[in-house]
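Visitor: here are the coordinates; sequence isn't available:
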């Protein structure tokens, strides 16, 4: 019988009978476990973590890479069963890159399979799927939620009392670590028109106590339909030039990787001190208009940063012109990059709604220490350099000071 492939977020009905969920991993040695969850999405107690040291609980069992759930025996107060795969703690530094594959089999039903999108943010734990009650029966949902925060992140979401292994050191410079002063003479020589904003950016950094810090600066640009007018008026070009001038203070290579968020395959190029004039206008015409996929651009930027081997933290300047269409995935990326030395600054300008970004750290729930928002107005070019750079570096400076 041919298997049916599920995409992330899709679900399928199950029979109230035993179901086998088999996990296949290409990469680090891994452990498979299951969580029995109540109606509020939390475990009833620590016994609801089913793993190699506690291999069975209330109709759910684990044997190597296979979880078996006898759905007819699962107690009524268990609303969901989550299937989890985690990197073996005996492999320090091990992370998932290629996503694990989940195969779901049940006698009398079509075989199901699910392969999550590949991971790029240092994930060490993945919730692959959930079995959940619906209308008196059971369904399975393809989840594919990764955690770079390891078992500690899993515990926060599901209420498990675990003691995670000590994380392997991340090969990036920690926020607050002093470095050398960047010489702006290169700007004067190569891009003299950027010298004045570069000096203003230098003052903004110095006033906030990070004038001697280093960072790899990235620029992510919204390329949704609502941004078309701002590209045509060269407002985005002017914004990118100011970010490049800031970058000259944090990284003396004179280059900023630029990603245009449009669709699932973000367009990656760069803007440099020696090519910046008209560069954004030249590049963006190679990208289709559409609904900007900021989550895809974020994943791509993190992957590029990790592959670069940079030792300094990353400053991801992310211009947004409207709400993201996948808010849960954006939140997940913010959470999973907190331990990677990555700081996200969402800069709002455009015609769309920005409440999601404004309120990321305003709610009473989870906070993101590596995130800030700056509203640059509908015309950032009209904001004086002093005020512009103050807004651009305020949150980043606080994070760098630790």
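Guide: Okay, I see it. In this text, all values refer to a predicted model and were calculated from it rather than measured experimentally.

Visitor: What's the end-to-end length of stretch 6-15?
Guide: This stretch, stretch 6-15, spans 17 Å end to end (CA to CA, to the nearest Å).

Visitor: Name the surrounding residues that touch that stretch.
Guide: The contact list for stretch 6-15 (CB atoms under 8 Å, 6 or more residues apart in numbering) reads 4, 71, 104, 106, 108-109, 112-114, 116-117, 131, 137-144. Backbone N, C-alpha and C define where each C-beta goes, glycine included.

Visitor: What residues of that stretch count as buried?
Guide: Using 16 or more other CB atoms under 10 Å as the test for burial, stretch 6-15 gives 6, 8, 14.

Visitor: Same check on stretch 33-53?
Guide: For stretch 33-53, the neighbour count (16+ other CB under 10 Å) marks 33, 34, 35, 36, 37, 38, 43, 48, 49, 50, 51 as buried.

Visitor: swap in stretch 306-317?
Guide: Residues of stretch 306-317 classed as buried: 306, 310, 312, 313, 314, 315, 316, 317 (neighbour count, 16+ other CB under 10 Å).

Visitor: Could you do stretch 344-356 as well?
Guide: Residues of stretch 344-356 classed as buried: 344, 345, 346, 347, 348, 349, 350, 352, 354, 356 (neighbour count, 16+ other CB under 10 Å).

Visitor: for that stretch, what is the average pLDDT?
Guide: Taken as a whole, stretch 344-356 has an average pLDDT of 87.

Visitor: next SSE after the lowest-mean-pLDDT helix or strand in the chain?
Guide: Of all helical and strand segments in the chain, the minimum by mean pLDDT, DSSP states H and E falls on helix 150-158, at a mean of 68. Following helix 150-158 in sequence order, the next helix or strand is helix 185-190 (DSSP states H and E).

Visitor: just the strands in the stretch 301-402 of the chain please.
Guide: For the stretch 301-402 of the chain, the strands defined by DSSP state E, counting those that start in this stretch cover 314-320, 342-348, 371-375.

Visitor: Could you dump those into TSV and include distance to residue 217?
Guide: Shown next, in TSV, are those (distance: least, CB to CB, whole Å):
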stretch	distance to residue 217
strand 314-320	5
strand 342-348	10
strand 371-375	15
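
Visitor: I'd like to know which of those is closest to residue 269.
Guide: With CB to CB as the criterion, residue 269 lies closest to strand 314-320 of those, at 15.2 Å.

Visitor: Sheet partners, orientation included, of that closest one?
Guide: Using DSSP bridges, the strands paired with strand 314-320 in its sheet are strand 216-222 (parallel), strand 342-348 (parallel).

Visitor: Among those, single out whichever gets nearest to residue 195.
Guide: Nearest to residue 195 among the strands paired with strand 314-320 is strand 216-222; the distance by CB to CB comes to 17.6 Å.

Visitor: Could you tell me which residues within the closest one count as buried?
Guide: Residues of strand 216-222 classed as buried: 216, 217, 218, 219, 220, 221, 222 (neighbour count, 16+ other CB under 10 Å).

Visitor: From residue 388, how far out is the last one?
Guide: Relative to residue 388, residue 222 is positioned 18 Å away (criterion: CB to CB, to the nearest Å).

Visitor: repeat for residue 228
Guide: 23 Å.

Visitor: If you count surrounding residues, which of those two has more?
Guide: Remark: of residue 228 and residue 388, residue 388 carries more neighbours, 24 against 13, as counted by other CB atoms under 10 Å.

Visitor: Would you confirm that that one contacts residue 239?
Guide: No - applying CB atoms under 8 Å, one finds residue 388 not in contact with residue 239, separated by 9.2 Å.

Visitor: of the buried residues of stretch 33-53, closest to residue 297?
Guide: Lowest distance from residue 297 to the buried residues of stretch 33-53 (CB to CB) belongs to residue 35, with 31.6 Å.

Visitor: Just say helix, strand or coil for the closest one.
Guide: strand (DSSP: H, G, I helix; E, B strand; the rest coil).

Visitor: which sections of the stretch 51-200 of the chain are below the confidence cut-off?
Guide: Scanning the stretch 51-200 of the chain with the threshold set as pLDDT under 70 gives 89-92, 149-153, 155-156, 161-183.

Visitor: just the strands in it please.
Guide: Along the stretch 51-200 of the chain, counting by DSSP E, counting those that start in this stretch, strands occupy 56-57, 60-63, 66-70, 80-87, 101-105, 112-115, 125-134, 137-147.

Visitor: Return the distance of the residue located most distally from the centre of the chain relative to residue 16.
Guide: Distance from the centre of the chain peaks at residue 108, with 38.9 Å (CA atoms, centre = their mean). According to CB to CB, residue 108 stands 12 Å off from residue 16.

Visitor: ok, back up a step: now go through the buried residues of stretch 6-15 and say which are in strands.
Guide: If you go by DSSP state E, these have 6, 14 in strands.

Visitor: Redo the buried residues of stretch 6-15 as CSV? Include pLDDT.
Guide: Output for the buried residues of stretch 6-15, formatted as CSV (pLDDT from 0 to 100):
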residue, pLDDT
6, 92
8, 86
14, 94
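
Visitor: most centrally placed residue in this protein?
Guide: Note on the chain: the residue nearest the mean C-alpha position is residue 333, at 1.7 Å, using CA atoms, centre = their mean.
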